[in-house]
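Visitor: Here's a sequence, model it:
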Amino acid sequence: MSNDLPLPFSKNRTQEMLAFHRLLDIMDDLREKCPWDKKQTLESLRHLTIEETYELSDAILEGDKQEIKKELGDILLHIVFYAKIGSETGDFNITEVLNGICEKLIHRHPHIYGEVKVEDEEEVKRNWEQIKLKEGNKSVLGGVPQSLPALVKAMRIQEKARGVGFDWEEDHQVWEKVEEELSEFKAAVENGAKEDEFGDVLFSLVNYARFVGINPETALERTNKKFIKRFTYLEQKAKEAGKNLSEMTLAEMDVYWNEAKSL
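Guide: Just a heads-up that it's a prediction; the model follows:
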């Protein structure tokens, strides 16, 4: 596929290109003139990028479209920043970054840019994993980042295994595995390696969630937010009543908690 840009450009595409060009120019200015920006390295930006990614995740969960737009801008800035640093060291530049992802997408979508025929999403995923192995990945699971949070990592491991056909056939089989792991955990609490067995319970629950179309990370984070909202309400009501939570009985707290649940 040619890297030449299609001509003439549509009005929207021209505006997109001009906006991206403007960001690149601003990045050049900041890197040259701003004391903070001049000091940054790939390593110093890393933790800030992780923070921005989580902020985007929060905005998505909240359904706040304007905040999503803002956080996407922050992440795009980081991408341009990394590319700027790479160009200064001669290792890579933004053109190579963009062309690299374009070529990868084209290569991994032969059903769009080639002659391969697919029936559904699952076949696309299987082809994707097979192509990655042909590209040099030594293991199907080799592309799972070691630093991913454990819950997300479990989901990605299972998705990748499914991509090559290693998976259960029916959801009731997966649930039976959950029940088996729960039984083993219960026994381990009394006389065995309870941490290992608890890990197995979580892994099996992630597996079942995936099988029935639930993202476990999203589900747990929504529950976290729900708990925080209700607990904050409990604190607020206790304060209004002139009470200290640590001095209240569980029954007293339950009154406010149940009120929060009905909101």
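Visitor: least trustworthy helix or strand in this structure by mean pLDDT?
Guide: Lowest mean confidence among the helices and strands of the chain (mean pLDDT, DSSP states H and E): helix 121-134, at a mean of 82.
Visitor: Spatially nearest residue to L234, not counting backbone neighbours?
Guide: Residue nearest to L234 in three dimensions, not counting chain neighbours: Y256, with 4.5 Å by C-beta to C-beta, 6 or more residues apart in numbering. Placement of C-beta: from N, CA and C, glycine included.
Visitor: helices or strands next to the host helix or strand of that neighbour in the packing?
Guide: Assigned by DSSP states H and E, Y256 falls within helix 250-261. Packing contacts for helix 250-261, counted by 3 or more C-beta pairs under 8 Å, 6 or more residues apart in numbering; DSSP states H and E, involve helix 216-240.
Visitor: in the helix it packs on, what's buried?
Guide: Residues of helix 216-240 classed as buried by neighbour count (16 or more other C-beta atoms under 10 Å): 216-217, 230, 233-234, 237-238.
Visitor: Check stretch 150-164 too.
Guide: By neighbour count on 16+ other C-beta under 10 Å, the buried set for stretch 150-164 is 151, 153-158, 160, 162-163.
Visitor: now it, how far from the centre of its chain.
Guide: Relative to its chain's centre, stretch 150-164 lies at 13 Å (C-alpha atoms, centre = their mean, to the nearest Å).
Visitor: Please apply the same query to stretch 186-199.
Guide: The chain centroid and the centroid of stretch 186-199 are separated by 30 Å under C-alpha atoms, centre = their mean.
Visitor: Please enumerate residues in contact with that stretch?
Guide: Residues outside stretch 186-199 that contact it (C-beta atoms under 8 Å, 6 or more residues apart in numbering): 181, 184-185.
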